[in-house]
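Asker: what's the 3D shape of this:
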Amino acid sequence: MRFTGLEELLKAEIGEDEKLKILAAQYIERLKEQKLLLDSTRILGDTSLSLKDAIRRVLRDIPDAFQYPEICEASFEYTTLSQERDILSPADGKQRRTGKYGL
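Answerer: So this is what the prediction gives:
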């Protein structure tokens, strides 16, 4: 059974131990999300890193913040001023040029 609200959880007709387990699991998930935000802020604020390196580091950390990191992937897609689309990925750290787009 999945609960998203504290009030709903407290009213549920399950044992106190089960309620505590559910609450602890949700708390752990929120901590992982908050850690990602804090780490990302630190990385993006590090002026010694290039923007691409900072983005790669953030991408590397994103899966760990998800409930099932083993099936999560992160990439960042952007368009340059010359309308070329690039995708950054933390897996190999390489850019993959995927084409040129007109408006």
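Asker: can we go C-alpha only for contacts and neighbour counts from here?
Answerer: OK.
Asker: Distance of the most centrally placed residue in the chain relative to residue 6?
Answerer: For the chain, the residue nearest the mean C-alpha position is residue 62 (3.1 Å; C-alpha atoms, centre = their mean). From residue 62 over to residue 6 the distance is 26 Å, taken as C-alpha to C-alpha, to the nearest Å.
Asker: ok, now residue 28?
Answerer: 15 Å.
Asker: Check residue 71 too.
Answerer: Computed with C-alpha to C-alpha, the distance linking residue 71 and residue 6 is 28 Å.
Asker: Of these two, which one has the most company?
Answerer: Neighbour count, other C-alpha atoms under 10 Å: between residue 71 and residue 6, residue 6 has more, with 11 against 8.
Asker: Could you pull out the buried residues of the longest helix along the chain?
Answerer: If each helix of the chain is counted by residues according to DSSP state H, the longest one is helix 16-44. Under the neighbour-count criterion of 16 or more other C-alpha atoms under 10 Å, helix 16-44 has 19, 22, 23, 32, 33, 36, 37, 40, 43, 44 buried.
Asker: can you put the residues you listed in CSV and add pLDDT?
Answerer: As requested, the buried residues of helix 16-44 are exported to CSV (pLDDT from 0 to 100):
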residue, pLDDT
19, 88
22, 87
23, 87
32, 92
33, 92
36, 95
37, 94
40, 94
43, 94
44, 92
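Asker: JSON lines please, covering the residues you listed and showing distance to residue 54.
Answerer: Supplementary listing: the buried residues of helix 16-44 in JSON lines, determined by distance: C-alpha to C-alpha, whole Å:
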{"residue": "19", "distance to residue 54": "40"}
{"residue": "22", "distance to residue 54": "35"}
{"residue": "23", "distance to residue 54": "34"}
{"residue": "32", "distance to residue 54": "19"}
{"residue": "33", "distance to residue 54": "18"}
{"residue": "36", "distance to residue 54": "13"}
{"residue": "37", "distance to residue 54": "14"}
{"residue": "40", "distance to residue 54": "9"}
{"residue": "43", "distance to residue 54": "6"}
{"residue": "44", "distance to residue 54": "6"}
